[in-house]
Every structure is written in structure tokens, then in C-alpha cells.
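Asks: predicted model follows, preceded by the sequence.
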Amino acid sequence: MGSGMVLSETVFAARDDELRRLNAEIAAFQASRPSPWSFPVDVVRAARRQGLGVFPGLAPDAQAITLDLPAAGGHAIPIRILRPADGRALGTYLHFHGGGWMFGEAVENDPRLRRLADATGLCVASVDYRLAPEHPFPAGPDDCEAVALALAEGRLPDLPTAFLAIGGESAGAHLSVVTLLRLRDRHGAMPFQAANLVAGCYDLSLTPSVRNFGAERLILNTDDVGEFVRRFVPQTFDLRDPDVSPLHARLDGLPPALFGVGTRDLLLDDTLFMSARWLAAGNRAELRVQPDGCHVYEAFASEAGTRSERAMADFLIRRRAEVAASRPATVGAPAAD
């Protein structure tokens, strides 16, 4: 193993009673509700926006702004911008939201992204990429690629590029890795210096933990992931195509990454497998596994969720410091902070 490869595993030994209670509440709530697949997509989206589903309702940040990036297909890609409250602008974190490539929107994440921006001094740019089934693969990844290129090339106004990080939750973590691979393979570029990957789905042919999870809907169940994939990926695509399922891609040349997942997340194997492959490809990886954590447990108030958010901020702060320290000093220029 080369000296540049680091794997740091942080696993809390004791089970988490608070998360176990939360899991019971979530499972009971979802068991009392009709299947989301019994409603039209727009009805589920509206209910999610109103906080009628399992996730909290919207709490928009008063300081957030939205800019639109014109895309090659003639549509506009909305990007929600949150700047650190103290006026710092030390870099930019490009964020992709979760929701199974079908649901979710950037504004859902305002409270967590506000805390991340203020803790790290990074501007946050969260992308409202096109959603399936109206816009199946590769529409969403194409939008994410377009925004990543525009950011790296300085075409997004007032977003600093001295340090760039990328990340997201669930489908957003998948899109983050797909975007990194596209930048490397299609553009010969790797402008992002850190990846924050939370409970991603990296093999759309379904890993063992997804296949074996069963019918209990703890945020998601086995059938839910299959339904998402069927609506997101047209049948003409091989589910093991690396552009669809990045777990099957060549992974060398990617930035240091923080992987996070809970043991009660049906996507547990996706994170364990991807973090191991990331490391084996010669990249740096850190892995946090939270006992009793459900899928994206950070979306719910808990001590474990707070610890996870702090670990994400710490990772990004450390990476920015490493990048700043690695740059040659300019004669007469002030030292990097």
C-alpha cells in the first residue's frame, strides 16, 4: 500500500438508543401510510415539499439566492447558492440533493447546508438537476456535469474556485461520483479536491444489502430502490455500465473522499464497497459507519446526526488547509490562512 493511501474508519462501538427509537418511529409512520408508488409522482413531490412524508418540510434559508445556468439542451439549470454568514468565501462546495433521482430539490437541504457553509467558510452551490421519470438518464447526470464544468471554469458568478469540493446524499452521492468520472474521462480534468459522499447508491444493479433488506420501509426498502432505478434508467442501458453504476468504473485519479453511512441503511454495502474500491485505486478515503443509523439519518435531529455533520465540516476544513499548504508561496503575498 502506497503512503498516499489512507483509510480511516470511525465506528462507534455502542449501539445508539436515540437512533433506535428514531428508526422505530420512522418505520411505524411509514407502515401506516400508503405506498408512495400508489400516487402520481407530482402528488408525492408536493407532499414531500409540505412535510407530509417522512422527511421534515421545507425551511428555506432567507439568504439563499438562485442563479440559472443555460444548458446545451436549451433548458436552464437552477443552482441554489448559500454563502457563509460571516462573509468568508474560501472555496465552493458543489452539492447534489438526494431523492432517488425522482424526488427532492435543493431547497430541502437549506438548514444543513447553511450549517456547513458557516462552519467551513465555503460557499455552497446546490443543483436542481432534471428529475426522472420525465427526464430519465442521462439528463440528471448531464446537468450535474454541466454545472461542475461551469464552476471549475469560473463561469458561475462570485463563486470562488481556489478550493472546490463536491458531494451529496443518496442519489446525490451517486451523481457526485458520476460527475467526477465524467470530468476525468471526458474533459481530462479533476478540479475538485474533496468529495463528501453520504449514503450513496453506486451499483444500480443492486448490492446484496439492498437485495436482502426486505419489505420494511425504513426510509427506503428493497422495492423502492428497484422502482427508482426502473424510472431513472431506460432499459436500453446496462445497469453495470460505469456511467450508470460508478462502483464498476475505473476509480484512479479521484480526490480524497469522506464516505458516511449507517448500519441500518439498505445502501450500506454500496458505501463499504465503494470506499474500499476508492482506496484500492490509490485514492485517499475516510469511512464513517454509524451503528443504528438509517438512510441519511442526518436529515433528522439526533446527536449522531450532529456528530456526522461536524465530521463532514472537519473533513472539508482539513482538505482546504492541505490544498492551501501544498501551493507554492508567492513572493510578497500574505500567507494562506
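Replies: It's in.

Asks: do you know how far the closest residue to Asn221 other than its chain neighbours is from Tyr129?
Replies: Nearest residue to Asn221, sequence neighbours excluded (C-beta to C-beta, 6 or more residues apart in numbering): Ala215, at 5.6 Å. No exception for glycine: its C-beta is placed from N, CA and C like everyone else's. Separation of Ala215 from Tyr129 (C-beta to C-beta, to the nearest Å): 30 Å.

Asks: counting neighbours, go ahead and name the busier of the two.
Replies: Tyr129 (27 against 9; other C-beta atoms under 10 Å).

Asks: residues contacting the nearest residue to that one once chain neighbours are set aside?
Replies: In space, and not counting its chain neighbours, Tyr129 is closest to Asp143: 3.9 Å by C-beta to C-beta, 6+ apart. By C-beta atoms under 8 Å, 6 or more residues apart in numbering, the contact set of Asp143 is Ala71, Ile77, Val127, Tyr129, Arg130.

Asks: name the element Asp143 belongs to?
Replies: helix 139-152 (DSSP states H and E).

Asks: next: Leu258.
Replies: Leu258 belongs to strand 257-262, assigned by DSSP H and E.

Asks: what of Leu175?
Replies: Going by DSSP H and E, Leu175 is in helix 171-187.

Asks: what about that helix, distance to the chain center?
Replies: 11 Å (C-alpha atoms, centre = their mean, to the nearest Å).

Asks: likewise for stretch 303-318?
Replies: Using C-alpha atoms, centre = their mean, the offset of stretch 303-318 from its chain centre is 14 Å.

Asks: same check, this time on stretch 126-138
Replies: On C-alpha atoms, centre = their mean, the centre of stretch 126-138 falls 15 Å from the chain's centre.

Asks: what is the mean pLDDT for it?
Replies: If you average the pLDDT over stretch 126-138, you get 98.

Asks: now do the end-to-end distance for it.
Replies: One end of stretch 126-138 sits 19 Å from the other (C-alpha to C-alpha, to the nearest Å).

Asks: likewise stretch 90-108?
Replies: Stretch 90-108 end-to-end distance (C-alpha to C-alpha) = 24 Å.

Asks: where does the prediction get shaky in the stretch 1-150 of the chain?
Replies: Scanning the stretch 1-150 of the chain for pLDDT under 70 picks out the ranges 1-14.

Asks: hang on, Thr161 is in a strand, isn't it?
Replies: No - counting by DSSP: H, G, I helix; E, B strand; the rest coil, Thr161 is not part of a strand but coil.

Asks: count of neighbours near the closest residue in space to it that isn't next to it in sequence?
Replies: Using C-beta to C-beta, 6+ apart and skipping residues adjacent in sequence, the residue nearest Thr161 is Gly154, 5.8 Å away. Gly154 has 10 neighbouring residues, counting by other C-beta under 10 Å.

Asks: mind giving me the PyMOL select for the contacts of Asp143, buried ones only?
Replies: In PyMOL, this line selects whichever of these come out buried by 16 or more other C-beta atoms under 10 Å:
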select buried, resi 71+77+127+129+130
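
Asks: what lines up beside the helix or strand just after the helix holding Asp143 in the sheet?
Replies: Next helix or strand after helix 139-152 toward the C-terminus (DSSP H and E): strand 164-169. Strand 164-169 sits in its sheet next to strand 92-96 (parallel), strand 194-198 (parallel), going by DSSP bridges.

Asks: so what touches the last one?
Replies: Under the contact criterion C-beta under 8 Å, 6+ apart, strand 194-198 has outside partners 93, 163-170, 172-173, 176-177, 180, 254-261, 271, 274, 296, 298, 312, 315-316, 319-320.

Asks: residues near the closest residue to Leu90 other than its chain neighbours, how many?
Replies: Distances taken as C-beta to C-beta, 6+ apart place Gly121 nearest to Leu90, at 4.1 Å, with adjacent residues excluded. A total of 21 residues lie near Gly121 under the criterion other C-beta under 10 Å.

Asks: got the contact list for Gly121?
Replies: Pro84, Asp86, Arg88, Ala89, Leu90, Gly91, Arg320.

Asks: which parts of the stretch 201-337 of the chain are helices?
Replies: 208-211, 222-232, 268-280, 303-326 (DSSP state H, counting those that start in this stretch).

Asks: okay, angle between the third one and strand 257-262 too, please.
Replies: Yep, that's helix 268-280 we're talking about. Angle, helix 268-280 to strand 257-262, by axes from the mean of the first three to the mean of the last three C-alpha atoms, to 10 degrees: 160 degrees.

Asks: could you dump helix 268-280 to CSV, C-alpha only?
Replies: In CSV, the C-alpha atoms belonging to helix 268-280 read as follows (Å, rounded to 0.1, in the frame of the first residue of the first chain):
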residue,chain,number,x,y,z
LEU,A,268,-24.6,0.0,3.5
ASP,A,269,-22.8,-2.3,1.0
ASP,A,270,-22.7,0.5,-1.6
THR,A,271,-20.7,2.7,0.8
LEU,A,272,-18.5,-0.2,2.1
PHE,A,273,-17.7,-1.5,-1.4
MET,A,274,-17.1,2.0,-2.9
SER,A,275,-14.9,3.2,-0.1
ALA,A,276,-12.7,0.0,-0.5
ARG,A,277,-12.5,0.4,-4.2
TRP,A,278,-11.7,4.1,-3.9
LEU,A,279,-8.8,3.2,-1.6
ALA,A,280,-7.6,0.3,-3.8
